[in-house]
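S.K.: Predicted model and sequence follow; I will ask about them next.
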Amino acid sequence: MSRSIEHFRASRNRKGGRVAALLALAMLSLVAATPAEARPARNVILFIGDAGGLPTLNAAGIYAHDRPQSLFLQSMPHIGLSDTSALNRWVTDSAAGMTAIVTGHKTNSGMNSVLPSADGTTVTPLKTILEYAEQRGLSTGVITNMPIWDATPAACYAHVGKRSEKDDIFRQLLAPRYGDGVDIVIGKDRAAADAAFAGTGRTAAQAFEAAGYTFSDDPSVLKPDTRRAAIIRDEDYAAIPTVEAAISSLSRNPKGYFLMVEWDMHTNKLQDGLRHVIEMDDMIRKVSERVGKDTLILFVADHSYNLKLLSGTRDRPLAEQVSADQSAPGTGVIVADGKGAHAGEEVVAAASGPGAERVKGFFPNTWLFNVMMSAFGWKAD
């Protein structure tokens with residue numbers, strides 16, 4: 001009798017093992033058959049071309065490569081067109097434009113990641129994608145070639161009724177509502193940083209170092225083993241090496257990271273704006289080659305800009321024709337508004353990686369917040 005029981009148990013164990021093995025193989029086959037873009041992202045990198053509307057991207061690609069649709073971002077697998085309007089205006093500024101992208105809510109122009117009350121007397125903070133990442137223990141970074149307190153970067157980590165409130169923006173940067181705040185901070189305007197902390201009797205360096213940051217004006221101090229760094233300088237810096245160093249640092253977190261990179265593409269200074277488009281495009285290409293399939297890469301402009309490619313021949317480089325153009329303001333090969341006029345048409349959004357398939361067709365700028373949250377597998381509060 002005991003031999004029969006032992007035989008039954010052994011047979012059952014063998015069958016159970018085979019069943020478990022078959023189930024495991026089935027799960028592996030299911031994962032292998034699931035497109036990478038359908039799986040949750042470990043990381044999200046949001047590239048913002050400030051004022052990088054379709055006319056600017058088109059002109060910059062031809063300016064640099066003498067052929068249309070020659071930018072890397074124009075080859076990204078998922079493309080859509082995003083509305084850019086603010087809550088109160090058809091043509092937005094960067095504060096409201098960026099708020100929609102990082103919070104999923106439209107707000108009034110000039111406001112950073114807050115929602116005004118019906119009578120306009122009070123504002124309510126809106127939780128940003130960066131704050132969701134901080135709350136969940138991910139690493140976070142904000143990189144810009146503009147002032148670090150400016151509207152686009154500040155919308156990631158600060159909540160103010162007026163985008164000009166520099167002191168409060170810096171205060172919030174070092175007093176985060178979730179987690180320990182932005183881990184990698186890179187931008188410009190050292191004077192504003194020092195002025196913001198002057199009332200406390202400390203320099204910007206002392207304030208940031210007290211919060212656990214390595215503080216410098218030299219991007220080369222950022223190493224792969226750097227956990228927290230604030231680099232604030234007034235000169236331009238090498239974009240690609242700096243972003244790559246930031247990614248190396250952020251990637252050390254096994255939970256993943258959220259990184260926002262803004263590059264100024266305003267063309268009120270025409271050639272500077274076009275050059276910045278090419279710099280960010282090269283940056284996106286290099287980063288795309290570097291990061292794994294677990295990273296959503298998303299490019300979008302916060303708003304468009306009043307620029308037109310009006311003429312030019314294909315027998316010589318467009319850059320030569322632009323350089324030689326000494327026409328009066330308002331005429332020429334490429335004409336851009338010299339006063340910084342934003343424009344209200346849709347802007348291109350381009351994406352690759354997990355969740356990128358949601359970037360398609362026409363959509364409001366608030367949809368991009370949902371794209372990033374869904375890529376992470378998160379639901380908004």
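M.R.: Yep, it's here. The structure presented is a predicted model; accordingly, all values stated were derived computationally and were not measured. Residues are numbered from 1 along each chain as shown.
S.K.: which residues in the stretch 201-350 of the chain form helices?
M.R.: If DSSP state H, counting those that start in this stretch is used as the criterion, the helices of the stretch 201-350 of the chain fall at 204-210, 239-250, 270-290, 318-324.
S.K.: Serialize the ones you listed to JSON lines and add fields for mean neighbour count and distance to Leu126.
M.R.: Bear in mind the C-beta positions are built from the backbone N, C-alpha and C, glycine included. Putting the helices of the stretch 201-350 of the chain into JSON lines (neighbours: other C-beta atoms under 10 Å; distance: least, C-beta to C-beta, whole Å) gives the following:
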{"stretch": "helix 204-210", "mean neighbour count": "18", "distance to Leu126": "25"}
{"stretch": "helix 239-250", "mean neighbour count": "20", "distance to Leu126": "24"}
{"stretch": "helix 270-290", "mean neighbour count": "19", "distance to Leu126": "26"}
{"stretch": "helix 318-324", "mean neighbour count": "15", "distance to Leu126": "41"}
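S.K.: among these, which is nearest Arg233?
M.R.: Proximity to Arg233 (C-beta to C-beta) singles out helix 239-250 among the helices of the stretch 201-350 of the chain, at 10.7 Å.
S.K.: and the closest one, how far out from the chain's middle?
M.R.: Here helix 239-250 shows a centroid-to-chain-centroid distance of 14 Å under the convention C-alpha atoms, centre = their mean, to the nearest Å.
S.K.: what bridges to the closest residue to Asp150 other than its chain neighbours?
M.R.: Taking C-beta to C-beta, 6 or more residues apart in numbering as the measure, Asp150 lies nearest to Thr144, with 6.9 Å between them; neighbours along the chain are not counted. Beta-bridge partners of Thr144, counted by DSSP bridges, are Glu262.
S.K.: rewinding a little: quick check: which of the helices of the stretch 201-350 of the chain is nearest to Tyr305?
M.R.: helix 270-290 (8.0 Å).
S.K.: Show the model's pLDDT score for Gly338.
M.R.: For Gly338, the model assigns a pLDDT of 83.
S.K.: what about stretch 75-93, start to end distance?
M.R.: Criterion C-alpha to C-alpha, to the nearest Å; first-to-last residue distance in stretch 75-93 is 28 Å.
S.K.: can you pull the buried residues of it?
M.R.: For stretch 75-93, the buried set under the neighbour-count rule, 16 or more other C-beta atoms under 10 Å, comprises 76, 78-87, 91-93.
S.K.: In TSV, list these along with pLDDT.
M.R.: Compiled in TSV, these are given as follows (pLDDT from 0 to 100):
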residue	pLDDT
Met76	98
His78	98
Ile79	98
Gly80	98
Leu81	98
Ser82	98
Asp83	98
Thr84	98
Ser85	98
Ala86	98
Leu87	97
Val91	97
Thr92	98
Asp93	97
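S.K.: Switch those over to a markdown table; also include distance to Gly49 and secondary structure.
M.R.: Converted to a markdown table, these look like this (distance: C-beta to C-beta, whole Å; DSSP: H, G, I helix; E, B strand; the rest coil):
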| residue | distance to Gly49 | secondary structure |
| --- | --- | --- |
| Met76 | 13 | coil |
| His78 | 17 | strand |
| Ile79 | 14 | strand |
| Gly80 | 15 | strand |
| Leu81 | 14 | strand |
| Ser82 | 12 | strand |
| Asp83 | 16 | coil |
| Thr84 | 12 | coil |
| Ser85 | 18 | coil |
| Ala86 | 18 | coil |
| Leu87 | 22 | coil |
| Val91 | 17 | coil |
| Thr92 | 14 | coil |
| Asp93 | 15 | coil |
